[in-house]
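Okay, sequence plus prediction incoming.
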Amino acid sequence: MWGILIALLSGTLMSIQGIFNTELTKQTSLWVSTGWVQISAFLVCVVAWIFTGRQSVESLLKVENKYILLGGVIGAFITITVIQSMSSLGPAKAAMLIVIAQIVVAYIIETLGIFGVEKVDFQWRKLLGMGIAIIGIIIFKWEK
């Protein structure tokens with residue numbers, strides 16, 4: 001139950017953040033707003049780190065698969081692409097397409113066992129579920 005609540009909170013925060021970032025970009029620029037988002041997130045993380053235990057930052061140097069250190073770089077591109085999609089499609093359409101992309105890519109990663117994720121068996125019903133979600137987006141987007 002806790003995982004479901006956290007996932008719902010995450011989706012809610014992503015949608016609100018996307019709207020805030022898009023509006024900030026309109027008043028500044030893409031790179032200024034993206035930089036601000038990343039810097040302010042970094043500052044929040046530093047403050048949280050100070051108050052929650054101060055685990056060694058040196059442990060980053062000992063990470064086995066160095067590619068997993070690219071999360072922040074990917075985060076910057078997530079911010080940029082969310083801003084651009086929301087500004088061109090609107091928040092609801094952009095969020096739906098973003099979620100569909102997340103579902104499809106996450107399922108591919110799980111099915112192939114990529115990036116150290118435990119491999120799961122392919123299931124047609126999950127593919128059907130993705131298809132239904134895509135049909136839902138088409139219906140939502142459908143204009144007379």
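In hand now; what should we look at? Residues are numbered from 1 along each chain as shown.

From here on, just use CA atoms for contacts and neighbour counts.
Will do.

hey, where'd the helices end up in the protein?
Along the chain, the stretches classed as helices by DSSP state H are 2-27, 30-52, 71-89, 91-112, 124-141.

now Ala86, nearest residue through space, not along the chain?
Heads up, residue 86 is Met, not Ala. Distances taken as Cα to Cα, 6 or more residues apart in numbering place Ala94 nearest to Met86, at 5.3 Å, with adjacent residues excluded.

In contact with that neighbour, which residues?
Going by Cα atoms under 8 Å, 6 or more residues apart in numbering, Ala94 touches 82, 85-86.

The lowest-mean-pLDDT helix or strand in the chain relative to helix 71-89, how many degrees between them?
Every helix and strand of the chain was ranked by mean pLDDT, DSSP states H and E. The lowest is helix 124-141, at a mean of 87. If you take axes from the mean of the first three to the mean of the last three Cα atoms, to 10 degrees, helix 124-141 sits at 40 degrees to helix 71-89.

name the helices or strands packed onto helix 124-141?
helix 91-112 (3 or more Cα pairs under 8 Å, 6 or more residues apart in numbering; DSSP states H and E).

which parts of the helix it packs on are buried?
91, 93-97, 100, 103, 107, 109-112 (16 or more other Cα atoms under 10 Å).

Only C-alpha atoms, please: export that helix in PDB.
C-alpha atoms of helix 91-112 as PDB (Å, rounded to 0.1, in the frame of the first residue of the first chain):
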ATOM      1  CA  PRO A  91      -0.200  19.200 -19.400                       C
ATOM      2  CA  ALA A  92      -2.800  16.400 -19.700                       C
ATOM      3  CA  LYS A  93      -1.700  15.100 -23.200                       C
ATOM      4  CA  ALA A  94       2.000  15.400 -22.400                       C
ATOM      5  CA  ALA A  95       1.600  13.600 -19.100                       C
ATOM      6  CA  MET A  96      -0.300  10.800 -20.700                       C
ATOM      7  CA  LEU A  97       2.300  10.200 -23.400                       C
ATOM      8  CA  ILE A  98       5.100  10.500 -20.800                       C
ATOM      9  CA  VAL A  99       3.400   7.800 -18.700                       C
ATOM     10  CA  ILE A 100       2.800   5.500 -21.700                       C
ATOM     11  CA  ALA A 101       6.500   5.900 -22.600                       C
ATOM     12  CA  GLN A 102       7.500   5.100 -19.000                       C
ATOM     13  CA  ILE A 103       5.300   1.900 -19.000                       C
ATOM     14  CA  VAL A 104       6.600   0.700 -22.300                       C
ATOM     15  CA  VAL A 105      10.200   1.300 -21.600                       C
ATOM     16  CA  ALA A 106      10.000  -0.100 -18.100                       C
ATOM     17  CA  TYR A 107       8.400  -3.200 -19.400                       C
ATOM     18  CA  ILE A 108      11.000  -3.700 -22.000                       C
ATOM     19  CA  ILE A 109      13.700  -3.200 -19.400                       C
ATOM     20  CA  GLU A 110      12.100  -5.800 -17.100                       C
ATOM     21  CA  THR A 111      11.400  -8.300 -19.900                       C
ATOM     22  CA  LEU A 112      15.000  -8.100 -21.200                       C
END
